[in-house]
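Engineer: just a sequence and a predicted model for now, questions to come.
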Amino acid sequence: MAIVVQKYGGSSVADLAKLSQVADWVVATKRAGHSVVVVVSAMGKATDELLALAERAAESGGRGQAPPRRELDMLLSVGERTTMALLSIAVQARGEAAVSLTGSQSGIITNDRHFDARIIEVRPHRVEDELHHGKIVIVAGYQGMSYRREITTLGRGGSDTTAVALAAALSAERCEIYSDVDGVYSADPRSVPGARHLPELDFTTMQEMAESGAKVLHARAVEWAKQQNIAILARRTEDYAARGEGRETRVHASGGAAARAVVVDRNVALLRCPASALPQLFAAAEQADLALRDGVYVDGALRATLGLSAVPSPPTTLAALSSRVPGLEVTLGVGSVSLVGVGAGAEPRELARFWGALGERPLLVFSSPLRVTAVLLQAELAAAEAALHAQL
Ligand code: ASP
Ligand code: MG
């Protein structure tokens, strides 16, 4: 029997009513003759709520500390465990055999970078055993276990990566990612009303979009899919639960290489570090597990951006960084707008449109063949996003 991996995001399992719709569709997929592995996110905003609790516990000591990353992972992994157990109960209540498994029980082995760990390998023996026994296997997304046997989490939005990595390890036929949007658009349809649905995308463009801050798919999920050639189908849960079909975006090796998309990341910091302090910057960033994104060295200083979604308690973490790096300037309250697509950052005609749309608003612009990215004040982002999308 062909194996299908389905992943459900937080909004698709936000309450019991939604969870039962998911259970119906999971059972229908199984009864259509598939072996089914389901990967779930935490319910609704559960991860944010747990994170807020952790920050309050850390603040209670009055020393301005961020919560230790190891403990964050112990806490955050609970969100997905709640969903997996409830969904398994709901599926069994419909007369199908099911079993819920944590990330470590599913053999998701990661490095030990807590709060933003990378999957190193997947040993899915337990999952395979349960499938052989005819069960629907329901896996907690976003979590794994390091070689040191510590519980880790995979970075915000990381359940997508669990799903794709499992799909690859199980040689699944496909990986279906369900959420509250019916695929990937040329801009975020919630903020750009004219955004166009993209029926197909190639891995490279999708990965670049995700790395520029598009939340629709986790960047590392696309990286895995590309390496292992697993097609990702992004769908809206409601369409499939109600009708068994709907619009989708298929992300695969050969799809839609001419696609263009505008991607906004509201959650960025801009750093300026004098040459003399670069050794301290890199040492402190390494110690705090911070990854720099775009960088340029000019006039005796490095300017670089830092995506904040992989940073726990950004203000506390950045204050600690500043105190260790002499002359470091950190600008908060900025975000980035990118135009993504093959050739988008190299073709003069595209660059002319980009600069035409943004004028003199950007604080800084980075470009590479696949992307042009402007860093702007947060207050300017919405207008820049709309102006840039109007050029597509
Ligand atoms: N629950 C985690 C998050 O909110 C992981 C996920 O949803 O993919 O980031
Ligand atoms: Mg997500």
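Structural biologist: Structure received. Ligands and ions are numbered 1, 2, ... in the order given.

Engineer: what about the closest residue to ligand 2 within the stretch 51-200 of the chain, which SS state?
Structural biologist: Proximity of the stretch 51-200 of the chain to ligand 2 (C-beta to the ion) peaks at residue 157, 4.1 Å away. Quick note: C-beta positions are derived from backbone N, CA and C, even for glycine. Recorded secondary structure, residue 157: coil (DSSP: H, G, I helix; E, B strand; the rest coil).

Engineer: biggest helix in this structure, by residue count?
Structural biologist: Assignment by DSSP state H gives helix 69-92 as the longest helix of the chain.

Engineer: is any residue of that helix near ligand 1?
Structural biologist: Yes: judged by C-beta under 6 Å from any ligand atom, helix 69-92 comes into contact with ligand 1 at residue 79.

Engineer: shouldn't residue 237 be in contact with residue 10?
Structural biologist: No: using C-beta atoms under 8 Å, residue 237 makes no contact with residue 10, being 11.1 Å away.

Engineer: picking that back up, how near is the residue of the stretch 51-200 of the chain closest to ligand 2 to residue 364?
Structural biologist: Remark: distance between residue 157 and residue 364 (C-beta to C-beta, to the nearest Å) = 25 Å.

Engineer: the more surrounded of these two?
Structural biologist: residue 157 (23 against 19; other C-beta atoms under 10 Å).

Engineer: check which helix or strand the residue nearest to residue 108 when sequence neighbours are not counted maps to.
Structural biologist: Ranked by C-beta to C-beta, 6 or more residues apart in numbering and with sequence neighbours excluded, the top spatial neighbour of residue 108 is residue 144, at 3.6 Å. Residue 144 belongs to strand 143-146 when assigned by DSSP states H and E.

Engineer: quick one: contacts of that strand?
Structural biologist: Here strand 143-146 makes contact (C-beta atoms under 8 Å, 6 or more residues apart in numbering) with 73, 76-77, 80, 102-104, 108-112, 117, 119, 151-154, 158, 162.

Engineer: can you flag which of these belong to strands?
Structural biologist: 108, 109, 110, 119, 151, 152, 153 (DSSP state E).

Engineer: derive a ChimeraX selection command for the buried subset of the residues you listed.
Structural biologist: The buried subset of those, as determined by 16 or more other C-beta atoms under 10 Å, is captured in ChimeraX by this line:
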select :108,109,110,119,151,152,153
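
Engineer: the ones in strands among the contacts of strand 143-146 into a markdown table, with extra columns for distance to residue 184?
Structural biologist: A markdown table is the format used below for the ones in strands among the contacts of strand 143-146 (distance: C-beta to C-beta, whole Å):
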| residue | distance to residue 184 |
| --- | --- |
| 108 | 25 |
| 109 | 29 |
| 110 | 26 |
| 119 | 22 |
| 151 | 31 |
| 152 | 28 |
| 153 | 24 |
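
Engineer: let me have the ones in strands among the contacts of strand 143-146 in a markdown table, adding pLDDT and distance to residue 271 as columns.
Structural biologist: Shown next, in a markdown table, are those (pLDDT from 0 to 100; distance: C-beta to C-beta, whole Å):
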| residue | pLDDT | distance to residue 271 |
| --- | --- | --- |
| 108 | 98 | 32 |
| 109 | 98 | 33 |
| 110 | 98 | 27 |
| 119 | 97 | 28 |
| 151 | 98 | 31 |
| 152 | 98 | 26 |
| 153 | 98 | 25 |
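
Engineer: next to ligand 1, which bits of this structure? Give me the list.
Structural biologist: 9, 10, 41, 42, 47, 79, 141, 142, 156, 157, 158, 159.

Engineer: got a pLDDT number for the residue in the stretch 251-392 of the chain that ligand 2 sits nearest to?
Structural biologist: Per C-beta to the ion, residue 309 is where the stretch 251-392 of the chain lies closest to ligand 2, at 11.1 Å. pLDDT for residue 309: 86.

Engineer: now swap in the one 4 residues further on and tell me
Structural biologist: The pLDDT attached to residue 313 in the predicted structure is 86.

Engineer: OK, contacts around the spatially most central residue of the chain?
Structural biologist: In the chain, the C-alpha closest to the average C-alpha coordinate belongs to residue 218, at a distance of 2.7 Å (C-alpha atoms, centre = their mean). Residue 218 makes contact with 154, 155, 157, 158, 159, 160, 161, 210, according to C-beta under 8 Å, 6+ apart.

Engineer: dump the residues you listed to TSV, plus pLDDT.
Structural biologist: Compiled in TSV, those are given as follows (pLDDT from 0 to 100):
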residue	pLDDT
154	97
155	95
157	96
158	97
159	98
160	98
161	98
210	96
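
Engineer: closest to ligand 1 among these?
Structural biologist: Relative to ligand 1, the closest of these is residue 159; by C-beta to the nearest ligand atom it sits at 3.2 Å.

Engineer: count the residues that sit near that closest one.
Structural biologist: 31.

Engineer: try the one 5 residues further on
Structural biologist: Residue 164 has 30 neighbours, counted by other C-beta under 10 Å.

Engineer: these two touch, right, it and residue 175?
Structural biologist: Yes: Residue 164 is within contact range of residue 175, at 5.2 Å (criterion: C-beta under 8 Å).
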